[in-house]
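Novice: Below are the sequence and a predicted model; questions follow.
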Amino acid sequence: RKEVEQDPGPFNVPEGATVAFNCTYSNSASQSFFWYRQDCRKEPKLLMSVYSSGNEDGRFTAQLNRASQYISLLIRDSKLSDSATYLCVVRVNTGGFKTIFGAGTRLFVKA
Amino acid sequence: GAVVSQHPSWVICKSGTSVKIECRSLDFQATTMFWYRQFPKQSLMLMATSNEGSKATYEQGVEKDKFLINHASLTLSTLTVTSAHPEDSSFYICSVSRQLTSYEQYFGPGTRLTVT
């Protein structure tokens, strides 16, 4: 089982749609959680950190459920420019900290 | 603005040659930098953790003699791919970790290496 698992997609949605991505992690020692966005042939860029209380940034809402070891990202009112791969990232304390990346979920937003 | 820079952004080299990739932390002094590799349609894989003033820590399966890392200063780490082979062709990305709230990682723009 992968340490961080995501639905690879692709998700094909029309502009204006709401889309949700899920991510599960296996290590209960995971301490910090993030969503990154990666455009084709570019580096990942931090989209948002994820907190237990949930957090929102404009059209983006992230949720963390530690009991279920589950993270989600909700994108409302999708734009064409949201098309990218979304990476779920977990920071684990294994004696030293280690950052583990999910394989990513590909999103295509179409006009 | 950019937190991390990398140079070159892309390079084509012949089999058997060596290629050096530079990673610079622009905003702050980074005692630790990370080197990742990403093959097409795959996730980032950590190759090694570069520690300023000491030897890098390599992940299992990464040959330290093939991927030489030097972290000579608090703002510069270099990765040298020695005796490159076509299977080394990949996207190499460095990153720094910064404690703003949760040790977010910031990535350089990456170096696309093609070995012919």
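Specialist: Ah, there it is.
Novice: isn't A:Ile71 right up against A:Ala20?
Specialist: No. Using C-beta atoms under 8 Å, A:Ile71 makes no contact with A:Ala20, being 11.2 Å away. Every residue, glycine included, has its C-beta placed from N, CA and C.
Novice: more neighbours, those two?
Specialist: Using other C-beta atoms under 10 Å in any protein chain shown, the more surrounded residue of A:Ile71 and A:Ala20 is A:Ile71, with 26 against 13.
Novice: separation between that one and chain B?
Specialist: Remark: distance between A:Ile71 and chain B (C-beta to the nearest C-beta, to the nearest Å) = 13 Å.
Novice: Could you list the low-pLDDT ranges of chain A?
Specialist: Regions of chain A meeting the criterion pLDDT under 70 are absent.
Novice: Which residues of it lie near chain B?
Specialist: Taking C-beta under 8 Å from any C-beta of the partner chain as the contact definition, chain A meets chain B at A:31-34, A:41-46, A:49, A:87, A:89, A:91, A:97-99, A:101-104.
Novice: One more pass at 7 Å, please.
Specialist: A:32, A:34, A:43-44, A:46, A:49, A:91, A:97, A:99, A:101-104 (C-beta under 7 Å from any C-beta of the partner chain).
Novice: can you redo those as JSON lines with secondary structure?
Specialist: Shown next, in JSON lines, are those (DSSP: H, G, I helix; E, B strand; the rest coil):
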{"residue": "A:Ser32", "secondary structure": "strand"}
{"residue": "A:Phe34", "secondary structure": "strand"}
{"residue": "A:Glu43", "secondary structure": "coil"}
{"residue": "A:Pro44", "secondary structure": "strand"}
{"residue": "A:Leu46", "secondary structure": "strand"}
{"residue": "A:Ser49", "secondary structure": "strand"}
{"residue": "A:Arg91", "secondary structure": "strand"}
{"residue": "A:Phe97", "secondary structure": "strand"}
{"residue": "A:Thr99", "secondary structure": "strand"}
{"residue": "A:Phe101", "secondary structure": "strand"}
{"residue": "A:Gly102", "secondary structure": "coil"}
{"residue": "A:Ala103", "secondary structure": "coil"}
{"residue": "A:Gly104", "secondary structure": "coil"}
